Each structure stands twice: as C-alpha cells, then as structure tokens.
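K.L.:
the following comprises the amino acid sequence and a computationally predicted model.
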Amino acid sequence: MSTLKIAIQKSGRLSEKSLQLLEECGIKISNGERKLKAVAQNFPVEILFLRDDDIPQYVEQGVADIGILGENEVWEKGKEVKVIQQLGFAGCRMSLAIPKDEIYADLSYFEGKRIATSYPKILIDFFAQKNINVFIEEISGSVEIATSIGLADAVFDIVSTGSTLLMNGLKEVETVTKSEAVLIAHPNLTPETQAILNKLLFRIQSVREGKQNKYILLNAPNSTINNICSLLPGMKSPTILPLVNKDWSSLHSVIREDDYWEIIEQLKNLGAEGILIIPIEKMIR
Ligand SMILES: Nc1ncnc2c1ncn2[C@@H]1O[C@H](COP(=O)(O)OP(=O)(O)OP(=O)(O)O)[C@@H](O)[C@H]1O
Ligand SMILES: O=P(O)(O)OC[C@H]1O[C@H](OP(=O)(O)OP(=O)(O)O)[C@H](O)[C@@H]1O
Ligand SMILES: [Mg+2]
C-alpha cells in the first residue's frame with residue numbers, strides 16, 4: 001500500500017506546531033527519542049524528521065512527497081516544489097536592520113554596504129530589483145551579532161517580536177517580505193500519494209477553519225432576533241430555539257474569530273444577553 005512521506009523539522013521553531021497539526025488531523029505518531037523516521041498508526045503517512053533547510057531539496061527529489069517549513073526557506077532554496085497551503089503558524093517578517101544610532105532615510109542607505117544574512121538569495125533578488133549594489137556576508141546563524149563584531153554594516157534576518165534586534169543594539173528599517181509556515185509538495189505525485197494528500201488537505205482545512213471560527217450562542221428578545229440573524233448568518237443560517245420565556249429566543253451560529261469583538265458590541269445594542277463564544281475543534285462547510 002502507498003504511503004505519503006511528510007518531511008517536518010526535527011527540532012526548532014516549527015517542530016512542535018508541525019507535529020501538533022498532524023495530531024489535530026487525527027494522525028497518531030509515536031516518535032521514539034531520537035528516531036528520524038516514524039510511521040503513523042492510523043493513516044498511511046511516514047514522517048521524516050529533517051533540518052528545515054534540507055526539506056525543499058528532498059521534496060524536489062521526491063525523497064519526501066510533502067513538507068512543512070517556513071515559506072522563507074522555500075524562496076531561499078528556489079527548488080521545484082509547489083506551495084499548496086498556508087498553515088497560519090510561525091508568522092514572521094524578514095527585515096533589514098542597522099545599528100540603532102545610524103540615521104536612515106531610505107533604501108539608498110544600503111548602497112555599497114556589507115549585509116550579513118542566512119538568506120543571500122532573497123536579499124540578492126531584493127536589491128537587484130531596486131538597482132542597489134550591496135555586499136553579502138553569508139552566515140548560518142547568530143546574524144544579529146554581525147555589526148557589533150565588525151563583520152557587516154547591516155543585517156537581514158527573521159524578526160518576530162523584535163527583541164533579538166533590540167538586545168543587539170539594532171533597529172529594523174525595512175521589511176522585505178513576510179513569511180509563515182506552508183505545506184509544500186513534489187510537483188508530480190503519483191495518483192495514490194495525491195489521493196492521500198487530498199485526504200490530509202481536507203483534514204487540515206477543517207482544523208484551520210475550526211481555529212478561524214467560533215460557535216456563538218445567545219439569548220435575545222424576539223423583536224430583534226431578525227436583526228441579529230443578519231449579523232450572524234452562520235454557515236447556512238442560524239438556529240433559533242424558543243426559550244421558556246415566550247418573548248425571548250436562543251440563537252446559535254458561527255462567527256469568524258476576527259469579527260467577534262466588533263459584532264458583540266452590536267449584538268449587545270440589539271438586546272442580546274448570555275452570549276457564549278465557544279471554540280470549534282473542526283469545521284466542515
Ligand atoms: N522568531 C520567529 N518567529 C516566528 N517564526 C520564526 C522565528 N524564527 C524562525 N521562524 C520560522 O521558523 C523557521 C525555522 O526556524 P529555526 O530557527 O528553527 O530554523 P533553523 O535554526 O534553521 O533550524 P534547523 O536546525 O532545522 O536548520 C524559520 O525558517 C522561519 O520560517
Ligand atoms: O524578533 P524575535 O522574536 O527576537 O525573533 C527573531 C529571532 O528568532 C530567530 O532565531 P531563533 O531564536 O530561532 O534562534 P536561531 O539562531 O537558533 O535560529 C531569528 O533568526 C531571529 O534571530
Ligand atoms: Mg535551518
């Protein structure tokens with residue numbers, strides 16, 4: 001029987017969330033300490049635990065069928081792989097930073113400067129597009145230290161909270177791009193592995209939709225229930241149930257996580273009471 005080979009990061013920023021996603025998709029993996037390969041007990045997948053930098057190459061070669069990694073690594077490696085799904089975690093930006101006391105006006109600051117980075121390809125492409133000449137110092141980690149040790153004039157690296165830059169006396173001056181974890185696939189999967197991938201994608205989609213939405217229950221006077229329904233259209237339409245108090249109803253619906261603080265004010269103004277917002281584990285439209 002065919003299996004889908006999934007490459008995930010062995011240890012690092014993406015490891016825990018990648019495993020968690022597979023578990024939320026109902027895939028049971030028992031990875032013994034230090035094992036680099038695991039077979040799921042209840043779904044035809046094999047997990048390969050790798051360095052994230054190597055994942056694009058393995059997926060291009062077909063050693064792994066799919067992989068989970070930061071989109072930044074996909075751009076940097078430039079391999080022949082398909083990005084098939086944004087995964088909504090490991091969100092970060094890739095920025096240029098310079099010593100905090102430097103005066104900065106615009107990108108022309110970087111003309112002729114030395115920039116330390118672990119992402120030379122992304123940076124070369126960026127400055128080529130802007131017609132600015134820079135010298136790149138490629139290093140594989142601790143990039144933010146480069147200016148203070150005299151290796152470079154500026155750095156280009158991943159930024160999330162900005163605290164690494166701050167601790168190293170740097171300021172962020174340009175965001176070059178934004179990245180998050182993505183699922184990539186080999187461009188030509190066999191029909192059998194593609195069928196397993198389709199099942200997995202369906203599960204990922206329902207987990208992601210679940211996270212992006214909330215179940216909402218509330219009580220409201222019958223006089224305003226129609227107005228409330230138009231605020232909360234739900235998946236098909238809201239459910240309305242009578243309360244023992246004949247002038248009131250209970251309404252059940254689904255609301256997007258991003259919208260609910262906004263809408264809750266309006267619901268309260270329409271007389272809604274006893275509003276409950278409940279997490280959804282999986283959602284299938
Ligand atoms: N501070 C951060 N906030 C959010 N996402 C991040 C952050 N740092 C890195 N990432 C994302 O996580 C990915 C993996 O980062 P990590 O630091 O674990 O990589 P690494 O040191 O290259 O690991 P490996 O040993 O597997 O090569 C990055 O490519 C990026 O997409
Ligand atoms: O803006 P911040 O929230 O401070 O995050 C940014 C830092 O996070 C990453 O490194 P990581 O901590 O993963 O260490 P690494 O050097 O092992 O990659 C990245 O390379 C930055 O250094
Ligand atoms: Mg790496």
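P.N.:
Thanks, I have the structure now. Ligands and ions are numbered 1, 2, ... in the order given.
K.L.:
now do the helices in the stretch 1-150 of the chain.
P.N.:
Shown for the stretch 1-150 of the chain, the helices assigned by DSSP state H, counting those that start in this stretch span residues 15-24, 55-61, 71-77, 120-129.
K.L.:
so which of the ones you listed gets nearest Ile277?
P.N.:
Taking Cβ to Cβ as the measure, these were each checked against Ile277, and helix 15-24 came out nearest at 20.1 Å. All C-beta spots, glycine's among them, are computed from the backbone N, C-alpha and C.
K.L.:
who does that closest one touch, helix- and strand-wise?
P.N.:
The contact analysis (3 or more Cβ pairs under 8 Å, 6 or more residues apart in numbering; DSSP states H and E) places helix 15-24 against strand 4-9, strand 45-50, helix 191-212.
K.L.:
just those: most buried one?
P.N.:
Per residue and on average, the most neighbours among the helices and strands packed on helix 15-24 fall to strand 4-9, with a mean of 25 (mean count of other Cβ atoms under 10 Å).
K.L.:
direction included, what does that one pair up with?
P.N.:
Partners of strand 4-9 in the sheet, by DSSP bridges, are strand 45-50 (parallel), strand 66-70 (parallel).
K.L.:
let me have these in JSON lines, adding distance to Lys5 and mean pLDDT as columns.
P.N.:
Output for these, formatted as JSON lines (distance: least, Cβ to Cβ, whole Å; pLDDT from 0 to 100):
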{"stretch": "strand 45-50", "distance to Lys5": "5", "mean pLDDT": "95"}
{"stretch": "strand 66-70", "distance to Lys5": "8", "mean pLDDT": "98"}
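K.L.:
before we move on, back to that, between the helices of the stretch 1-150 of the chain, which one is closest to Ala220.
P.N.:
Ala220 lies closest to helix 15-24 among these, at 33.3 Å (Cβ to Cβ).
K.L.:
tilt between that closest one and strand 45-50?
P.N.:
Here helix 15-24 runs at an angle of 180 degrees relative to strand 45-50 (axes from the mean of the first three to the mean of the last three Cα atoms, to 10 degrees).
K.L.:
would you mind listing what in this protein touches ligand 2?
P.N.:
Counting by Cβ under 6 Å from any ligand atom, the residues of the chain close to ligand 2 are 13, 141-142, 144, 157-164.
K.L.:
tell me the predicted confidence for whichever residue of the stretch 101-250 of the chain sits closest to ligand 1.
P.N.:
Ranking the residues of the stretch 101-250 of the chain by distance to ligand 1 (Cβ to the nearest ligand atom) places Ser160 first, at 3.2 Å. Model confidence at Ser160, expressed as pLDDT, equals 98.
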